[in-house]
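Student: give me a 3D structure for the following:
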Amino acid sequence: MSNSVEATAPAGGGVQSVDRALTILQVLARAGELGVTEIAAELGVHKSTAFRLVATLESHGMVEQHQGRGKYRLGVGLLRLAGATTARLDLVQEARPVCRQLAQDTGETVNLAVLSGSSALYLDQVAGTSALQTHNWVGQHIPLHATSNGKVLLAGLPPARREELVGRLPSYTSATITQRARLREELTAVATQGWAVAVDELEMGLAAVAAPIRSAHGDVVASMSLSGPTFRLTEARIAEVLPALLQAADEVSHRMGWGRR
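Tutor: Coordinates of the predicted model:
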């Protein structure tokens, strides 16, 4: 009876399938290798259901079948995911002392961001010593076209990939860039000069200047920015702190392997 209900009941099926797929990964992590029949028993589902779930995980490289034994084990796709997480943790670890020093030297808040899907994900933030600070951005996804970090990340991409990510350009303030042609021009300038500025583009009263962080291969893998209120982070002030920001971003890049021989 339970098997027939399982096969026909659609309610919550998507979430249930995700839960079962994650359970399979946990079971394989514990057991090492299991056949479909054993996996089905662990989940308490029909063998055909277990096979469909395993086949989906296999198609994404999350599990792989041991040749000749018919058993499944964790796949290299998990290693790629773990590697991406490790790379981000390494970035934060390498950048943190540099960000602290930059925040201390300038008094402004230092932010670290990476590309995540079609937005910028803020990985770390070090508050400056100035009395008025911006709010905590860590863990938030921020629009690429309306932030200095986002512009740096976009400018570091190949043109074709850049166009894929730049879809609709919503307006957040009257200063937000909403025309694709204008954004292209700005990104070209960012790529040439090696830094980006955003003033009042995401929020009125918020200014930021950002510089790229590069990998050992020279690819832009992250962006470091100084941010603060526009009354303090004026055009003259941005010009004043820019050299320190560029030096700090280069230092993190070197820590990540860029420029090493």
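
Student: what number of residues lie near Leu154?
Tutor: 27 (other Cβ atoms under 10 Å). Glycine gets a C-beta too; all of them are placed from N, C-alpha and C.

Student: no, scratch that, I was asking about Ser118
Tutor: 13.

Student: I'd assumed Tyr122 was in contact with Trp137.
Tutor: Yes - between Trp137 and Tyr122 there is a contact at 4.1 Å, judged by Cβ atoms under 8 Å.

Student: overlap in contacts, these two.
Tutor: Asn111 (Cβ atoms under 8 Å, 6 or more residues apart in numbering).

Student: which residue ranges form the strands in this structure?
Tutor: For the chain, the strands defined by DSSP state E occupy 63-65, 72-74, 109-116, 119-126, 141-143, 196-199, 206-214, 220-229.

Student: between the ones you listed, which gets nearest to Val18?
Tutor: Checking the strands of the chain against Val18 by Cβ to Cβ gives strand 63-65 as the closest, at 14.9 Å.

Student: from Arg214, how far out is Met224?
Tutor: Applying Cβ to Cβ, to the nearest Å, the value for Met224 to Arg214 is 11 Å.

Student: look at these two and report which has more neighbours.
Tutor: More crowded of Met224 and Arg214, by other Cβ under 10 Å: Met224, with 29 against 20.

Student: quick one, phi psi at Thr147?
Tutor: For Thr147, the backbone dihedrals (degrees, to the nearest 10) come out as phi -140, psi 150.

Student: what's around it, how many residues?
Tutor: Neighbours of Thr147 (other Cβ under 10 Å): 30.

Student: so it touches Ser119, yeah?
Tutor: No - with contact defined as Cβ under 8 Å, Thr147 does not reach Ser119; the gap is 9.4 Å.

Student: count of residues packed around Gly117?
Tutor: Neighbours of Gly117 (other Cβ under 10 Å): 9.

Student: might you report the residue contacts of the residue lying closest to it once chain neighbours are set aside?
Tutor: Distance criterion Cβ to Cβ, 6 or more residues apart in numbering; nearest residue to Gly117, sequence neighbours excluded, is His141 at 7.6 Å. His141 sits next to Ser116, Gly117, Ser119, Ala120, Leu121 when contact means Cβ under 8 Å, 6+ apart.

Student: so which of those is the most crowded?
Tutor: Ala120 (30 neighbours).

Student: show me what contacts it?
Tutor: Ala120 makes contact with Ala113, Val114, His141, Ile142, Pro143, Leu144, Thr147, Asn149, Gly150, Leu153, Ser223, according to Cβ under 8 Å, 6+ apart.

Student: distance of Glu58 relative to Phe51?
Tutor: Applying Cβ to Cβ to Glu58 and Phe51 gives a distance of 10 Å.

Student: likewise Ser253?
Tutor: Ser253 is 47 Å from Phe51, by Cβ to Cβ.

Student: neighbour count: these two, which is higher?
Tutor: Applying other Cβ under 10 Å to Ser253 and Phe51 shows that Ser253 carries more neighbours, namely 24 against 15.

Student: residue contacts, the more buried one?
Tutor: With Cβ under 8 Å, 6+ apart, Ser253 has these contacts: Pro212, Ile213, Arg214, Ser215, Gly259.

Student: give me the buried subset of those.
Tutor: Neighbour-count burial (16 or more other Cβ atoms under 10 Å) applied to those gives Pro212, Ile213, Arg214.

Student: pLDDT score assigned to the last one?
Tutor: When you say that, I think you mean Arg214. We have a pLDDT of 93 for Arg214.
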